[in-house]
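Student: Below is the sequence, then the predicted model.
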Amino acid sequence: MTNCTAPMLAVAACLSITTAAIGQSPKLPIAEGVWVKTDTKCREAFIAHVYGGGRFGTVYFYGQNQSMGPANETEPLSRVSRGQNGYTVVNEGPLEVIARPNGQASVRAFSPSQGVQWVDDVRLCPAATLSAKMRSALTRLKLLKTP
């Protein structure tokens, strides 16, 4: 039996280099936009998972009456990989996402040593349905395209 591992690794390496060379960026299995918890009205959201502008992560307001912020915990999307149970690992983790039926998704923090830390079931909110404060913050952070 011949060893096909080395040729397969060479092909995989070549494909990786080709993808990087032609400038394709990694994609998540969800639509770009602002995702909020399913139990939160879009206009009342002060925490959002944001996918856009080549970034993914969380933007939120904090403090008394959410008067401080926004805190921008998004990061450039540099790679994706397969996680457990169908989730897609964002960069090196711990954030992972999975598309769900009916236009929903789940975002979770996953630790290989400790398992799932938290899960947010989310839905996409059109920009016009967000509060003016959230829209303004996301626009300033260049995470929301201006009309």
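Tutor: That came through fine. Numbers count the residues shown, from 1 in each chain.
Student: where do the helices sit along the protein?
Tutor: Using DSSP state H, the helices of the chain run over 5-21, 132-140.
Student: Same question for stretch 127-142: list its buried residues.
Tutor: Under the neighbour-count criterion of 16 or more other Cβ atoms under 10 Å, stretch 127-142 has 127, 130-131, 134-135, 137-138, 141 buried. In short, each C-beta sits where N, CA and C put it, glycine included.
Student: which one of those is nearest residue 62?
Tutor: residue 137 (12.2 Å; Cβ to Cβ).
Student: How about that closest one, nearest residue that isn't a chain neighbour?
Tutor: residue 70 (4.1 Å; Cβ to Cβ, 6 or more residues apart in numbering).
Student: ok, how many other residues are close to the one you found?
Tutor: 22 (other Cβ atoms under 10 Å).
Student: With the one 10 residues further on instead?
Tutor: Neighbours of residue 80 under the rule other Cβ under 10 Å: 18.
Student: OK, contacts around it?
Tutor: 26-28, 88-91 (Cβ atoms under 8 Å, 6 or more residues apart in numbering).
Student: Just give me the residue closest to the centre of this structure.
Tutor: residue 56 (3.8 Å; Cα atoms, centre = their mean).
Student: From what I see, that residue and residue 95 are in contact.
Tutor: Yes. Residue 56 lies in contact with residue 95 (Cβ atoms under 8 Å); the separation is 7.1 Å.
Student: Describe which strands the longest strand along the chain pairs with in its sheet and in which direction.
Tutor: Longest strand in the chain, counting residues (DSSP state E): strand 115-125. In the sheet, strand 115-125 lines up against strand 33-37 (antiparallel), strand 104-111 (antiparallel) (DSSP bridges).
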